[in-house]
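Student: following is a predicted model, sequence given first.
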Amino acid sequence: MINFFYSIFGYIILFIRYPKKEKRLQILKDYFDNSYHEAGGQIVLSTFGIILLVFLLVSLAAVIYSIFVHDASVL
C-alpha cells in the first residue's frame, strides 16, 4: 500500500516540477533510477526528517528556556 502511495506521490511531484515529459523522464533516470517509487519515497522521507528536526530543535529551545526562567529547584 505504501509503495503505491510513494509511486503516485512521486509521479505527481515530478509532474508538477517538470511539466515537459522529456525533462521529467531524464530527471527520473538520472536521480531516481527510473522509479517513481524512489522519487516519492525520497521526497516524503526528507520532508518528514525536516519536520522532525524542527520539532526537536523547538523542544530543545523550550527546555533551555525553562531552565533559565524557572529556578533550579524544578529540576
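Tutor: Yep, it's here.
Student: what kind of secondary structure is the most centrally placed residue in the chain in?
Tutor: The structure's the chain has its C-alpha centroid closest to residue 47; by CA atoms, centre = their mean the separation is 1.3 Å. Here residue 47 is recorded as helix under DSSP: H, G, I helix; E, B strand; the rest coil.
Student: how close does it sit to residue 17?
Tutor: With distances taken as CB to CB, to the nearest Å, residue 47 is found 14 Å from residue 17. Where C-beta positions appear, they are placed from N, C-alpha and C, glycine not excepted.
Student: sorry, back to before: do you know how far the residue nearest to the centre of the chain is from residue 41?
Tutor: In terms of CB to CB, residue 47 sits 11 Å off from residue 41.
Student: what of residue 20?
Tutor: Counting by CB to CB - residue 20 and residue 41 are separated by 23 Å.
Student: settle it for me: which of these two has more neighbours?
Tutor: Legend: neighbour count by other CB atoms under 10 Å for residue 20 and residue 41, higher for residue 41 (19 against 8).
Student: low pLDDT regions in this protein?
Tutor: Along the chain, segments meeting pLDDT under 70 span 71-75.
Student: now residue 8. Nearest residue, chain neighbours left out?
Tutor: Spatial nearest neighbour of residue 8, chain neighbours left out: residue 40 (7.1 Å); criterion: CB to CB, 6 or more residues apart in numbering.
Student: neighbours of the one you found, how many?
Tutor: Applying other CB under 10 Å, we find 24 residues neighbouring residue 40.
Student: ok, now residue 44?
Tutor: Neighbours of residue 44 (other CB under 10 Å): 16.
Student: ok, now which ones touch it?
Tutor: By CB atoms under 8 Å, 6 or more residues apart in numbering, residue 44 lies in contact with 6, 9.
Student: so which residues of this structure form helices?
Tutor: 2-17, 21-32, 36-69 (DSSP state H).
Student: from those helices, which stretch is densest packed?
Tutor: Mean neighbours per residue, mean count of other CB atoms under 10 Å, is largest over the helices of the chain for helix 2-17, with a mean of 15.
Student: just the residues contacting that helix, thanks.
Tutor: Applying CB under 8 Å, 6+ apart, the contact partners of helix 2-17 are 24, 27-28, 32, 35-41, 43-44.
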